[in-house]
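Undergrad: Just need the structure, nothing else, for what follows:
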Amino acid sequence: MTTGAGHLRSSFHSRSGSRAAVGLALFAALVLGGCSGGSDGQPSSSDSPSASASPTASASTKAATDRPTRARPPEAPKATRGPAGQKRFATYVMALWGYALRSNDARALVALSAPGEKCQGCKAFTASLKQRKRAGWHVDFAGVHVRKVTVKKVDDNVYAKAKVDIPESDSYNADGTFRNTNRAHPGATFEVLMHRGAKRFQLLAFTVS
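TA: Numbers count the residues shown, from 1 in each chain. As a prediction, this is how the structure comes out:
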């Protein structure tokens, strides 16, 4: 499956001395085996909900839309322990991913990272959204529909895997004119690696395929 700005393929290099090193190494094996092509966080085709394809011939039939939403990001769930809390955090990561696509602002998602380091996938995602903002376009993205989330322990971390539906979305230029339509991706996979810190869950890595 080709990866793009909305379908990230992260390298997940483990860091020497990091408490997440072993977990990330396993996560890389689980995730990267099923995807190929595309660079980390860079748009590759109009198949992606955040692709950078040129406007289609039907642009004139599309209604103009407002600039990217400035609404507040989704509210964080209570950081409870156990599988239920882990699933809520993973779902929250997905909600913030959708918010970032709508607003061209990944700060709320990146803020979930462990203190002093960005999650694997965050840097490329942030760079892609900044590039999009400079180019003057955004995606009218409704967010993912989460079908099912499963979680399992990976050393002292938690790996969450979700089956999600990514709806069709339209992209618009800064002046509100239609740019392109991004097709739906039913049954996509959203994966999250997290660590339960002293006060909250920390996002170590995420990928969408």
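Undergrad: now could you export just the CA positions of the longest helix along the chain as CSV?
TA: Ranked by residue count under DSSP state H, the longest helix found in the chain is helix 82-103. C-alpha atoms of helix 82-103 as CSV (Å, rounded to 0.1, in the frame of the first residue of the first chain):
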residue,chain,number,x,y,z
GLY,A,82,-6.2,-1.0,31.7
PRO,A,83,-7.4,-1.9,28.2
ALA,A,84,-10.4,0.4,28.2
GLY,A,85,-8.2,3.5,28.9
GLN,A,86,-5.6,2.3,26.4
LYS,A,87,-8.3,2.0,23.7
ARG,A,88,-9.7,5.5,24.6
PHE,A,89,-6.2,7.0,24.2
ALA,A,90,-5.7,5.3,20.8
THR,A,91,-9.0,6.6,19.6
TYR,A,92,-8.1,10.1,20.8
VAL,A,93,-4.9,9.9,18.8
MET,A,94,-7.0,9.1,15.7
ALA,A,95,-9.3,12.1,16.5
LEU,A,96,-6.4,14.4,16.8
TRP,A,97,-5.0,13.1,13.5
GLY,A,98,-8.3,14.0,11.8
TYR,A,99,-8.3,17.4,13.5
ALA,A,100,-4.7,18.0,12.3
LEU,A,101,-5.8,17.2,8.7
ARG,A,102,-8.7,19.7,8.9
SER,A,103,-6.7,22.5,10.5
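Undergrad: avg pLDDT for it?
TA: Helix 82-103 carries an average pLDDT of 97.
Undergrad: Which positions in the following helix or strand past that helix come out as buried?
TA: Downstream of helix 82-103, the next assigned helix or strand under DSSP states H and E is helix 107-110. Neighbour-count burial for helix 107-110, counted by 16 or more other Cβ atoms under 10 Å, picks out 108-110. C-beta here means a position set from N, CA and C on the backbone, and glycine is covered the same way.
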